[in-house]
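# Here is my input; please provide its structure:
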Amino acid sequence: MKRRGYTRVSLAIALAAAAGLGYIAYLQYQLAEVDSIIAKTVVGAHNAAKTAAKQQADGNGSVEFTKNDELEKKGWKLSADKQSYELAKDGKVHAAMVLDHKTGKVMYKIDCGSFQDEKAQQECSDVLDGTGKNYVNTDEVPW
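The predicted structure follows:
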């Protein structure tokens, strides 16, 4: 007696389990990316503030971001006028740092709505104590 029905059911269960595990892995990747971008932005803003403070202490009068190989390896791009750094992916800016000469601070912004996955948007907002998936966090670091 052959048991054809059991093989098909077993195959269907195995495929459903594989799809479920794949989706869970994708969500974990998205959440890790959110945490990574938030950490890169905050650390980047503090490093930029230290660099700007050193430049100001040198007495050259102008404050600008200097090229930072470590930030650029992580995906940050320095603007041509050296007044901002942006972290973009797929044409969307996830985070940015800008020198604010009026206040003497490095402003940084994290846009939770720029993530494609809604769970990643919500996680980003939750990590930053935000109000929802379209939350934009801005903060500042004095130089």
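# if you go through the protein in chain order, where are the strands?
In the chain, the strands defined using DSSP state E lie at 76-78, 84-89, 92-100, 105-111, 136-142.
# Number of residues surrounding residue 40?
Residue neighbour count, defined by other C-beta atoms under 10 Å, stands at 19 for residue 40. For every residue, glycine as well, the C-beta is placed using N, CA and C.
# could you list every residue that touches it?
Residue 40 sits next to 71, 74, 75, 76, 87, 95 when contact means C-beta atoms under 8 Å, 6 or more residues apart in numbering.
# Pick the most buried one from the strands of the chain.
strand 105-111 (a mean of 21; mean count of other C-beta atoms under 10 Å).
# Now do the closest residue to residue 75 other than its chain neighbours, the pLDDT please.
Excluding the flanking residues, the one nearest residue 75 by C-beta to C-beta, 6 or more residues apart in numbering is residue 87, at 5.5 Å. At residue 87, the model reports a pLDDT of 85.
# Check residue 10 too.
Per-residue pLDDT puts residue 10 at 80.
# From residue 37, how far off is it?
41 Å (C-beta to C-beta, to the nearest Å).
# got the angle for the longest helix anywhere in the chain vs strand 136-142?
Looking across the chain with DSSP state H, the single longest helix is helix 4-58. Angle, helix 4-58 to strand 136-142, by axes from the mean of the first three to the mean of the last three C-alpha atoms, to 10 degrees: 30 degrees.
# Please report the distance of the residue nearest to the spatial centre of the chain from residue 77.
A centroid search over the chain (C-alpha atoms, centre = their mean) returns residue 37, at 2.3 Å, as the residue closest to the centre. For residue 37, the distance to residue 77 equals 14 Å [C-beta to C-beta].
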